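# Dropping the sequence and predicted coords here.
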Amino acid sequence: MLDFMRKNASSMAVKIILGAIALVFVFWGIGTFRSQRVTSLATVNGEDIHYEEYRMEYINTIERYKQLFSGQMPEGFLEKMNIKGQVLDNLINNLLMKEAASKLNIYLSDEEIQEEILKIPAFLSNGKFDKNLYERALRANRMTPADFEKKVHQQLLFEKISNLLTNSITIPESEAKEQYEYENEMRELAYLTINPDTFTKEITLKDDELQSYYEANKEKYRTAPKIALNYIEIKKTDVSNTINISDEDARLYYEEHQSDYEAKEQRHAHHILIKTDKNADESTVAAARKKAEDLLSRLKKGESFEEVAKKYSDDQGSAQRGGDLGLFGRGMMVKPFEDAVFSMQPGELSGLVKTDFGWHIIRLDEIRPSGLRPFDEVKDTIIARLKDERSKSALFEQASKLYDAIIAQGSLTLYAQKNGVALAKTGLFSKNTPPPHLLTKEALNELFELGQGSLSSIIETPDGMLVAEIAEKVPSAIPTFDEVKAQVTLDLGKQKATEAAGKKAEELISALKGKDIHAVAKEKGLNLLISKPYSRSNMATLSKEIPPPVLDAGLSLTQSKPLTEKPVEANGVFYVVSLKTIINADMAGFPAQQKAITDKLIMQKKGLVMDSWLKDLRKKAKITIHKEQL
């Protein structure tokens with residue numbers, strides 16, 4: 001299903017889809033799209049791309065990049081990657097694909113979208129769809145069900161178009177062999193390292209040099225603004241401990257919200273799966289069917305369903321439990337499976353049921369009819385819910401009363417003095433070094449906008465709520481030369497040592513031209529290092545010993561050109577790299593890798609075809625971009 005995208009993530013075609021679909025899949029139910037502003041950012045063959053659609057796609061894209069960088073994107077990353085342009089390009093390409101699909105008579109049914117999402121591993125619990133997993137992911141990604149259905153629709157549409165345009169692509173064995181040889185040709189490197197640290201002692205710096213460096217790099221030493229806080233915090237736990245929910249409260253809630261506790265009909269079943277890929281050829285499907293028929297015959301003769309499932313079922317999640325799927329309702333299984341289960345009676349054994357997963361044998365164990373769940377069954381959940389809701393309400397009420405009282409006194413300090421309250425205090429901190437587990441990014445932004453002595457609004461914290469006063473504020477400033485002279489000395493010394501090391505590496509390369517690196521290293525008393533043999537397919541295994549830029553440089557060397565033209569700089573160290581040996585690929589390993597290499601080459605060619613197709617669509621389309629709206 002997603003193989004094309006996974007294997008071709010760098011191609012333009014795939015970026016369109018990856019740019020549109022969240023890293024964590026979310027879906028379910030029927031939803032409505034967010035209201036859209038009428039502002040049009042672009043028009044594609046007469047169809048508008050509205051601001052609100054773009055805005056949400058942009059926000060989701062930023063969030064995905066934040067996840068990739070663990071919350072901290074590199075400075076200037078958004079501008080360098082032209083994220084605004086990428087998002088708009090993705091939306092334009094999606095419209096072009098939708099239009100092209102219509103002309104090609106390619107359509108998707110609601111059932112196809114549902115079945116696709118039911119197969120997403122992120123939403124499977126014990127082998128079946130878990131609506132709770134979906135709902136959590138949906139909330140985390142700030143998407144509506146309709147938003148996600150649209151993303152999945154785009155993904156499947158792209159796959160259908162890709163299959164139509166690229167299914168005829170084949171790779172001859174000779175091309176696969178050539179690729180195998182390219183990937184598995186081994187080489188050894190001989191290399192020298194020149195570390196700037198060895199030049200540090202030779203560096204002498206004069207005061208006028210240091211002063212000049214400081215003047216040219218003043219901004220480098222600018223300090224970040226800092227603030228210190230006095231604050232009063234109300235803890236969630238302190239408030240929660242005062243909240244008690246009686247059984248009477250819980251029962252009243254239960255009576256008023258009975259629709260929340262209506263249980264729909266559920267069925268309990270076991271199954272055995274003989275797996276086939278949905279794109280498998282006829283002979284493979286037939287062989288899987290024959291295996292399933294043999295197992296069904298054995299079950300009809302009285303063999304234990306559980307034992308047969310444990311031994312033969314390809315659904316690893318349920319096989320360990322003898323094929324037990326537990327209780328599930330409608331909409332939690334793919335449609336052919338659901339239709340079969342909900343037509344059976346307890347104790348009944350199905351015939352063979354075909355889905356995109358393969359061939360199933362099903363035994364229905366129990367029918368649990370719809371009805372109101374008993375109060376005792378849901379009482380603890382209701383109590384926990386009411387306690388949480390009332391605690392939040394009480395917390396905000398207490399924080400509001402505190403805030404009003406502080407305003408009445410004129411300042412946090414005066415309030416604390418009059419009421420004998422000990423203020424919590426922080427030392428000076430910058431936005432990048434806040435007190436741990438206290439302030440969110442939004443709170444920091446607010447606090448750093450305030451002046452000294454100013455009072456914050458009510459601020460939510462991980463542990464409760466607080467009201468803070470700016471006790472001290474230190475603006476950003478450039479320190480004097482004397483204040484940072486020690487750091488300037490280190491920085492300029494490092495720069496000069498790096499320059500000296502680079503010059504030494506260049507001199508070595510000049511001295512090595514036409515000469516043997518072993519002889520030159522011995523003559524100059526240098527430590528010549530030899531790499532282990534490596535290839536393009538396994539170079540990652542050496543990356544901890546030798547920096548990747550050095551290994552990459554080695555792959556470009558040949559017997560006629562065995563020396564890098566320039567030093568390779570990696571992790572602050574300079575490398576002079578020479579080719580020692582090339583070892584031809586061992587073709588004995590080709591048969592085992594032939595299929596994987598062939599599949600990869602097919603995916604690469606498919607990516608090129610789709611890239612070319614999309615570029616052609618854009619060339620022929622009438623596209624108007626209103627840049628002023630961006």
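Everything's here; your move.
# Number of residues surrounding Thr558?
By other C-beta atoms under 10 Å, the residues close to Thr558 number 9. (Glycine included, C-beta is placed from N, CA and C.)
# Contacts for stretch 564-584 next, please.
Residues from elsewhere that reach stretch 564-584, judged by C-beta atoms under 8 Å, 6 or more residues apart in numbering: 181, 185-196, 498, 501-502, 504-506, 508-509, 512, 517, 530-531, 533, 547-550, 553-554, 557-559, 562-563.
# Alpha carbons of it, as CSV, please.
Extracted C-alpha coordinates of stretch 564-584, given in CSV (Å, rounded to 0.1, in the frame of the first residue of the first chain):
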residue,chain,number,x,y,z
THR,A,564,40.9,13.8,-3.1
GLU,A,565,41.6,17.2,-4.7
LYS,A,566,40.8,19.1,-1.5
PRO,A,567,40.9,18.1,2.2
VAL,A,568,37.7,16.7,3.6
GLU,A,569,36.5,18.6,6.7
ALA,A,570,34.4,16.6,9.2
ASN,A,571,33.7,17.4,12.9
GLY,A,572,36.3,20.1,12.9
VAL,A,573,39.1,17.8,11.7
PHE,A,574,40.7,17.8,8.2
TYR,A,575,41.2,14.5,6.3
VAL,A,576,43.5,13.8,3.4
VAL,A,577,41.9,10.7,1.7
SER,A,578,43.5,8.3,-0.7
LEU,A,579,42.1,5.1,-2.4
LYS,A,580,44.1,2.0,-1.3
THR,A,581,42.2,-0.9,-3.0
ILE,A,582,39.1,-1.6,-4.9
ILE,A,583,37.6,-5.1,-4.5
ASN,A,584,35.0,-6.3,-7.0
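# which parts of that stretch are buried?
By neighbour count on 16 or more other C-beta atoms under 10 Å, the buried set for stretch 564-584 is 564, 567-570, 573-580.
# Next: stretch 349-366.
Residues of stretch 349-366 classed as buried: 350, 352-365 (neighbour count, 16+ other C-beta under 10 Å).
# chain center to it, what's the gap?
On the basis of C-alpha atoms, centre = their mean, to the nearest Å, stretch 349-366 sits 35 Å off its chain's mean C-alpha point.
# Need the distance between the two termini of that stretch.
End-to-end distance for stretch 349-366: 12 Å, by C-alpha to C-alpha, to the nearest Å.
# now do stretch 429-443
Start and end residues of stretch 429-443 are separated by 14 Å (C-alpha to C-alpha).
# now swap in stretch 208-223 and tell me
Calculated as C-alpha to C-alpha, the first-to-last residue distance of stretch 208-223 is 23 Å.
# The closest residue to Tyr180 other than its chain neighbours: neighbour count?
Spatial nearest neighbour of Tyr180, excluding adjacent residues (C-beta to C-beta, 6 or more residues apart in numbering): Phe590 at 5.0 Å. Residues within reach of Phe590, counting by other C-beta under 10 Å, total 17.
# a helix runs through Phe590, doesn't it?
Yes: assessed with DSSP: H, G, I helix; E, B strand; the rest coil, Phe590 lies in a helix.
# I'd like the distance between it and Pro172.
Here the distance between Phe590 and Pro172 works out to 14 Å (C-beta to C-beta, to the nearest Å).
# who touches both of the two?
Common neighbours of Phe590 and Pro172 (C-beta under 8 Å, 6+ apart) do not exist.
# avg pLDDT for stretch 368-380?
On average, the pLDDT along stretch 368-380 is 90.
# Actually, stretch 331-344.
92.
# what do you get for stretch 164-180?
Confidence over stretch 164-180, taken as the mean pLDDT, stands at 94.
# With only the CA atoms kept, save it in CSV.
The C-alpha coordinates for stretch 164-180 follow below in CSV (Å, rounded to 0.1, in the frame of the first residue of the first chain):
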residue,chain,number,x,y,z
LEU,A,164,-2.1,2.8,-13.9
LEU,A,165,0.9,4.8,-15.3
THR,A,166,3.7,2.6,-14.1
ASN,A,167,2.6,-1.0,-13.8
SER,A,168,4.3,-1.9,-17.1
ILE,A,169,7.8,-1.0,-15.8
THR,A,170,10.2,-3.9,-15.7
ILE,A,171,13.9,-4.3,-14.9
PRO,A,172,16.1,-6.8,-16.9
GLU,A,173,18.4,-9.0,-14.9
SER,A,174,21.4,-7.3,-16.5
GLU,A,175,20.4,-4.0,-15.0
ALA,A,176,19.8,-5.5,-11.6
LYS,A,177,23.3,-7.1,-11.7
GLU,A,178,24.9,-3.8,-12.6
GLN,A,179,23.2,-2.1,-9.7
TYR,A,180,24.3,-5.0,-7.3
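# roughly how far is that stretch from the heart of the chain?
31 Å.
# Now tell me what touches that stretch from outside.
When contacts are taken as C-beta under 8 Å, 6+ apart, the neighbours of stretch 164-180 outside the stretch itself are 104, 106, 585, 587, 589-590, 593-594, 597-598, 600-602, 605-606, 609-610, 613.
# does Glu185 really touch Tyr534, like I thought?
No: the pair formed by Glu185 and Tyr534 falls short of the contact definition of C-beta atoms under 8 Å, at 10.1 Å.
# Comparing the two, which residue is more hemmed in?
Ranked by neighbour count (other C-beta under 10 Å), Glu185 and Tyr534 place Tyr534 first, with 21 against 16.
# Dump the buried residues of stretch 564-584 to JSON lines, plus distance to Ile234.
What follows is these, written out as JSON lines (distance: C-beta to C-beta, whole Å):
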{"residue": "Thr564", "distance to Ile234": "64"}
{"residue": "Pro567", "distance to Ile234": "60"}
{"residue": "Val568", "distance to Ile234": "58"}
{"residue": "Glu569", "distance to Ile234": "54"}
{"residue": "Ala570", "distance to Ile234": "52"}
{"residue": "Val573", "distance to Ile234": "54"}
{"residue": "Phe574", "distance to Ile234": "58"}
{"residue": "Tyr575", "distance to Ile234": "58"}
{"residue": "Val576", "distance to Ile234": "64"}
{"residue": "Val577", "distance to Ile234": "62"}
{"residue": "Ser578", "distance to Ile234": "68"}
{"residue": "Leu579", "distance to Ile234": "68"}
{"residue": "Lys580", "distance to Ile234": "69"}
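# Enumerate every residue touching Pro196.
Lys494, Ala497, Thr498, Ala500, Ala501, Gly572, Val573, Phe574.
# Strands - which of these land there?
Helix and strand membership here follows DSSP state E; of these, those in strands are Val573, Phe574.
# Which members of the contacts of stretch 164-180 are classed as buried?
106, 585, 590, 593-594, 597-598, 600-602, 605-606, 609-610, 613.
# Just the closest of these to Lys522, please.
Ala585 (32.3 Å; C-beta to C-beta).
# distance of that closest one from Ser535?
With distances defined as C-beta to C-beta, the gap from Ala585 to Ser535 amounts to 7 Å.
# Same question for Pro74.
31 Å.
# These two: which is more packed in?
When Pro74 and Ser535 are compared for neighbours, Ser535 comes out ahead with 16 against 10, by other C-beta under 10 Å.
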